[in-house]
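[1] predicted model, plus sequence, below.
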Amino acid sequence: MRTHARPSGIIDELREQIAKLEGGSARKAECLPFGVAEIDAKLPGGGLAFGALHEFAGGGAGTVDGSAAALMVAGIAARTKGKILWCLSRPDLFAPAISQAGLHPDRVIYVEADKEEDVLASFEEGLAFGGLGAVVGEIVRLPMVTSRRLQLAAEKSGTMGLALRRWRRQTEANDYGQPTASVTRWRISQLPSEDLPVGGVGRPRWLAELMRSRAGECAEFCVGACDGKGHLSLFPPMAYGQDQESRGRWHTAS
């Protein structure tokens with residue numbers, strides 16, 4: 001019986017090609033944990049999945065909650081590796097603020113467009129390109145068909161997509177309840193800052209609501225804002241009520 005030796009060079013080349021093709025799928029299975037056990041336990045895989053689209057928005061139509069959502073996104077992007085592509089139509093992103101959330105301005109590549117359609121196109125191109133830590137897209141509306149395109153582009157490259165929903169009026173915020181192909185959906189609201197034993201302003205606190213998690217659970221958390229490395233911390237839940245003088249105020253829930 002004759003035996004034919006297999007050229008090792010051809011086999012190695014085929015293995016290299018297969019590894020390149022599977023590279024996106026391999027990273028897609030990876031997750032970026034928050035490092036907070038209570039939050040990671042609610043997310044399949046123990047964190048935010050790479051190769052997936054995630055949505056974030058402020059709890060209201062105001063700039064305060066919108067800024068909290070932007071800082072949340074910046075903190076997440078800061079904990080990825082590589083450059084960050086940030087697509088936007090309004091040049092009002094404050095670089096020193098996202099730097100405090102751990103995302104150094106030198107890592108950010110800004111793509112400014114006049115129309116939201118161009119922002120979405122840049123968002124999709126960035127996700128399809130691969131080789132980036134994450135791609136952020138500041139958008140108002142996210143139709144189902146568009147979200148599917150973004151999700152597929154993220155799956156193909158293994159890059160994390162972060163859709164930052166921003167609105168100028170309350171009617172636009174109502175669109176956030178519509179279904180999309182995003183793997184997770186978050187709503188971030190500003191809470192009173194951490195109490196200090198002395199005069200001063202403590203660490204900002206947010207109400208982070210996990211409104212949707214594919215194959216996971218919905219939940220809400222009272223968290224400390226992203227620190228200089230993009231990490232959150234967990235605080236006791238807070239509730240809104242009235243004090244002895246019938247003034248509305250937030251307090252730690254008992």
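    Received the coordinates, thanks.
[2] could you count how many residues lie near Asp175?
    A total of 15 residues lie near Asp175 under the criterion other Cβ atoms under 10 Å. Quick note: C-beta positions are derived from backbone N, CA and C, even for glycine.
[3] name the nearest residue to it, ignoring sequence neighbours.
    Nearest residue to Asp175, sequence neighbours excluded (Cβ to Cβ, 6 or more residues apart in numbering): Arg141, at 5.5 Å.
[4] now do Met160
    Nearest to Met160 is Ala134, by Cβ to Cβ, 6+ apart, at 4.4 Å.
[5] do Leu48 as well
    Per Cβ to Cβ, 6+ apart, closest to Leu48 is Leu32, 4.8 Å.
[6] hmm, who's touching stretch 113-130?
    Residues from elsewhere that reach stretch 113-130, judged by Cβ atoms under 8 Å, 6 or more residues apart in numbering: 24, 85, 87-89, 111, 132, 135, 137-141, 146, 149-150, 153-154, 156-159, 161, 163.
[7] how about it, which residues are buried there?
    Using 16 or more other Cβ atoms under 10 Å as the test for burial, stretch 113-130 gives Ala113, Glu116, Val119, Leu120, Ala121, Ser122, Phe123, Glu124, Gly126, Leu127, Ala128, Gly130.
[8] restricting to C-alpha, output it in PDB.
    Extracted in PDB, the C-alpha atoms of stretch 113-130 (Å, rounded to 0.1, in the frame of the first residue of the first chain):
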ATOM      1  CA  ALA A 113     -21.000  63.600  10.000                       C
ATOM      2  CA  ASP A 114     -23.700  66.100   9.100                       C
ATOM      3  CA  LYS A 115     -26.500  63.600   8.800                       C
ATOM      4  CA  GLU A 116     -27.500  60.700  11.100                       C
ATOM      5  CA  GLU A 117     -27.500  58.400   8.000                       C
ATOM      6  CA  ASP A 118     -23.800  59.100   7.600                       C
ATOM      7  CA  VAL A 119     -23.200  58.400  11.300                       C
ATOM      8  CA  LEU A 120     -24.900  55.000  10.900                       C
ATOM      9  CA  ALA A 121     -22.900  54.300   7.700                       C
ATOM     10  CA  SER A 122     -19.600  55.100   9.500                       C
ATOM     11  CA  PHE A 123     -20.800  53.100  12.500                       C
ATOM     12  CA  GLU A 124     -21.300  50.000  10.300                       C
ATOM     13  CA  GLU A 125     -18.100  50.500   8.400                       C
ATOM     14  CA  GLY A 126     -16.100  50.700  11.600                       C
ATOM     15  CA  LEU A 127     -17.700  47.500  13.000                       C
ATOM     16  CA  ALA A 128     -17.000  45.700   9.700                       C
ATOM     17  CA  PHE A 129     -13.400  46.900   9.600                       C
ATOM     18  CA  GLY A 130     -12.400  45.000  12.700                       C
END
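[9] how far out from the middle of the chain is it?
    Per Cα atoms, centre = their mean, to the nearest Å, the displacement of stretch 113-130 from the mean C-alpha position of its chain is 16 Å.
[10] what's the answer for stretch 105-120, then?
    The chain centre lies 16 Å from the centre of stretch 105-120; the measure is Cα atoms, centre = their mean.
[11] measure it end to end?
    22 Å (Cα to Cα, to the nearest Å).
[12] now do the strands in the stretch 101-250 of the chain.
    For the stretch 101-250 of the chain, the strands defined by DSSP state E, counting those that start in this stretch occupy 108-112, 134-139, 160-165, 184-191, 205-213, 219-224, 233-235, 238-242, 248-252.
[13] sheet-wise, list the partners of the first one with their directions.
    Think strand 108-112. strand 84-88 (parallel) (DSSP bridges).
[14] touching the partner strand from outside, list them.
    Strand 84-88 is contacted from outside by 77, 93, 103, 107-113, 119, 122-123, 126, 132-138, using Cβ under 8 Å, 6+ apart.
[15] that one to strand 134-139, inter-axis angle?
    Inter-element angle recorded for strand 84-88 and strand 134-139: 10 degrees (by axes from the mean of the first three to the mean of the last three Cα atoms, to 10 degrees).
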